[in-house]
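Peer 1: The sequence and its predicted three-dimensional model are supplied below.
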Amino acid sequence: MVKDVKIPKLETPRNHAISTKVENAEQEFANNELRNQLRKILLFLINNFGKISEESIQAERPKYEHDKQLLQVFDILVKKYSGASKSREEMIKYVLRKALKAVRGILQKRLNVDYKEASSILCKRYFKFEGPHEEEEEILDLKNGKRLSSRNSEDDDEDDDIMKAMLPFRKNSKNKTMNSNFINEIFSSEEFCKDYEIYLTQIDDILEKDNNRKIEMFLNYLEQRLRKGQVDTIRSCKRMPWINLWIDSTKNVAFELATTKAWIETRKKVNT
C-alpha cells in the first residue's frame, strides 16, 4: 500500500507579494495605533493639566491599563508636568524671541535675504548698532562663522547666533538678564513697537503652530523610546510641549508688555 505523500505548497511570487503587502499594512496599522494612543495621552494632558483636578487627571489612567508601556508613559508624563512650570521671565523671553523671529521672517521675504542677514538688519533696526564697538564686532564675527554660544534646549533649530547674542540669558549676550532694563531698551525702539503690534495680531497662530511642531517632535521621541523598550528614559527628557495653561499665560504676558511705560512713551512719539 502506497502512503499518501504531502507535497509542500510552493509560494508563488504573487502569493509572496500579497503576503508582504498584508504584513506591511498590519505593521502600518500597529504604528498608527501606537501613535494615536500616545497622541491621546499627550493632548489630554496638554489641554487639561492645571485646569482640572488631580482626581480628574487620574480618572483617565484606567484607559491605558490594558498596555503596560502606555500606562507607564501616562504616569511619567503626569509626574513630569506636575513638577514643571514656566516663570514670567521665561514667558517674556519666549514672547520676545518669537516676536523677533516673526519680524525677521518678514524682513527675509521683503528684502530677499537669508535669515542671518535679516537678523543683522533687525539688530541695527532696533538697537541702532553703528560704529565699531564690542557687541558689533561680536556680531560681525558671527556673520563670518564664529559661534558664540551653544544651543538652548528651548530654542528653535533655525535660531542663529546673532539672535542669541541679542536675547537675555545668553553667555555672550549683551543683555545678561530679562530685567526691566532690557524690556525698556527694546520697547524704546519705535520700529520695534510698530512691528510688535503686528506680531500681537498673529500671536495666536504663531504660538499654536510652534506648540503643534513640538507635539509632533515629542510624539516621534515617545514612539522611538517605546519601540526600543526604553520607556524609563522619558523621565530625563527636557524638551516637552507646553500645556495650554502656560500658552494662555504667555499670551497675557505678551499683551501686558504692550502696556509698559517704555511702550507708552514710545507710542506717544510715534503718534505725534
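Peer 2: Received, thanks.
Peer 1: list the contacts for residue 65?
Peer 2: Contact analysis of residue 65 by C-beta atoms under 8 Å, 6 or more residues apart in numbering lists residue 71. Where C-beta positions appear, they are placed from N, C-alpha and C, glycine not excepted.
Peer 1: pLDDT score assigned to it?
Peer 2: If you check residue 65, the pLDDT there is 95.
Peer 1: With residue 244 instead?
Peer 2: pLDDT for residue 244: 97.
Peer 1: cool, residue 162 as well?
Peer 2: Looking at residue 162, its pLDDT is 51.
Peer 1: which stretches of this protein form helices?
Peer 2: For the chain, helices defined by DSSP state H occupy the ranges 13-48, 54-58, 68-82, 88-111, 115-127, 134-143, 161-166, 180-187, 190-227, 244-257, 261-271.
Peer 1: ranking those helices by mean pLDDT, which is last?
Peer 2: helix 134-143 (a mean of 37).
Peer 1: Now stretch 228-237: buried residues?
Peer 2: 231, 234 (16 or more other C-beta atoms under 10 Å).
Peer 1: What is the burial count for residue 117?
Peer 2: Residues near residue 117, counting by other C-beta atoms under 10 Å, number 16.
Peer 1: got the contact list for it?
Peer 2: Counted by C-beta under 8 Å, 6+ apart, residue 117 has contacts residue 111.
Peer 1: just to revisit the earlier point, for residue 235, which of the helices of the chain is the nearest?
Peer 2: Across these, residue 235 has its closest neighbour in helix 68-82 (5.7 Å, C-beta to C-beta).
Peer 1: Which elements pack onto the closest one?
Peer 2: Identification of packing neighbours for helix 68-82 by 3 or more C-beta pairs under 8 Å, 6 or more residues apart in numbering; DSSP states H and E yields helix 13-48, helix 190-227.
Peer 1: what's the angle from the longest one to helix 88-111?
Peer 2: Put simply, helix 190-227 runs at 110 degrees to helix 88-111, going by axes from the mean of the first three to the mean of the last three C-alpha atoms, to 10 degrees.
Peer 1: Helix 190-227: which residues count as buried?
Peer 2: 192-193, 195-196, 199-200, 203, 206-207, 210-211, 214-215, 218-219, 221-222, 225-226.
Peer 1: before we move on, what about stretch 63-81?
Peer 2: For stretch 63-81, burial by neighbour count (16+ other C-beta under 10 Å) applies to 64, 69-74, 76-78, 80-81.
Peer 1: closest to residue 33 among the residues you listed?
Peer 2: residue 70 (10.6 Å).
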